[in-house]
Every structure is written in structure tokens, then in C-alpha cells.
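Peer 1: can you look at this prediction? I've put the sequence above it.
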Amino acid sequence: MSQATTKHKSRLKARLLICLVVGVALFVFIVRPAGFLAGLWLSERQKRAERSPQAKVPNVIGQDYRKGEAMLKEKGLMMQVIAKRSDDNQPIDIILDQVPRGGENVDVGYTIGVTIGDFRADGSVTPHR
């Protein structure tokens, strides 16, 4: 073999080795992490799709019973009176408290508990519906 062909083969082996190292580096540092991130993204997307839709609870404190109920129904939420109390500062059928509070996120269809004013100043009771 001549010296020229030996140098040529040596350069060819060096190029092949460089290409192999670059290929492995591309796979390890780019392709593999990209595949991992794509799998993670798909997994999170699937989890979000399986989660029930959420609604932000409107603040109904201080609203009339019927108006508060309409506001909640508009968001896909239900309302249940959990307590009635006398409050001389509030007219009858006004929502005095709510659980959960306005601004919290809950599943659509969740029931919001409310406390309403029920007694007049003279002590008489009037139904809220």
C-alpha cells in the first residue's frame, strides 16, 4: 500500500469517527430529550382533558336570593341554603354568606352553600321563594 492510500484511509476513519460522535451527541442531547418532553406534554394534555370542567364561583354575598341563584346557574353551579339568620342590617332574602367564597374554582355542577337573612325587624318570617 502506498503512503497516499494509508493517509486517505486514516482520514476516512477519522471522519467516520467524528460523524459517529456527532450523531450520538445529537441523539443523547437533542432527540432523546425532545421525545421525553413530547411524551410529558401529551401526558399532561390527557390529564387536563380527563379533568372535569371548572367554574369560577361568583361572589353572591349581598345579592337577592333569586339573583344569586341565577348568577350561580349561569356558571353551571347550584345553590343550597345551609342556614337562615336574622340580621337587622340586611333585608330579608339577601345572601349573607357563601361557601366556597367568590373567586374560587370548583367543578361545574358543584353546590354552593349560602346563608340568607330570614327574619324581618318585627320578627315575622317570610319564605325565600
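Peer 2: Alright, I've got the coordinates.

Peer 1: check residue 86 and give its pLDDT.
Peer 2: Residue 86 carries a pLDDT value of 80.

Peer 1: these two touch, right, it and residue 117?
Peer 2: Yes: look at residue 86 against residue 117 with CB atoms under 8 Å: they come within range, at 6.9 Å. For every residue, glycine as well, the C-beta is placed using N, CA and C.

Peer 1: looking at these two, which is more packed in?
Peer 2: Ranked by neighbour count (other CB atoms under 10 Å), residue 86 and residue 117 place residue 117 first, with 21 against 14.

Peer 1: that one touches residue 85, doesn't it?
Peer 2: Yes: in this structure residue 117 lies within contact range of residue 85 using CB under 8 Å: 6.7 Å.

Peer 1: mutual contacts of the two, please.
Peer 2: Shared contacts of residue 117 and residue 85 (CB atoms under 8 Å, 6 or more residues apart in numbering): residue 96.

Peer 1: please, where are all the strands along this structure?
Peer 2: 54-56, 78-85, 95-99, 105-107, 111-117 (DSSP state E).

Peer 1: of all these, which one is nearest residue 23?
Peer 2: For residue 23, the closest of the strands of the chain is strand 54-56, at 46.1 Å, according to CB to CB.

Peer 1: what lies in contact with the closest one?
Peer 2: Here strand 54-56 makes contact (CB under 8 Å, 6+ apart) with 75, 76, 77, 103, 104, 105, 106, 107, 108, 110.

Peer 1: one more time with 6 Å
Peer 2: Strand 54-56 is contacted from outside by 75, 76, 77, 105, 108, using CB atoms under 6 Å, 6 or more residues apart in numbering.

Peer 1: what about burial for these, which qualify?
Peer 2: Among the contacts of strand 54-56, the ones that count as buried by 16 or more other CB atoms under 10 Å are residue 77.

Peer 1: from the contacts of strand 54-56, which two are the most distant?
Peer 2: Spanning the widest gap among the contacts of strand 54-56 are 76 and 105, at 12.2 Å by CB to CB.

Peer 1: find the residues that touch each one of the two.
Peer 2: Counting by CB under 6 Å, 6+ apart, no residue touches both residue 76 and residue 105.

Peer 1: circling back to that earlier point, dump the strands of the chain into a markdown table; add distance to residue 31 as well.
Peer 2: Output for the strands of the chain, formatted as a markdown table (distance: least, CB to CB, whole Å):
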| stretch | distance to residue 31 |
| --- | --- |
| strand 54-56 | 36 |
| strand 78-85 | 50 |
| strand 95-99 | 51 |
| strand 105-107 | 38 |
| strand 111-117 | 50 |
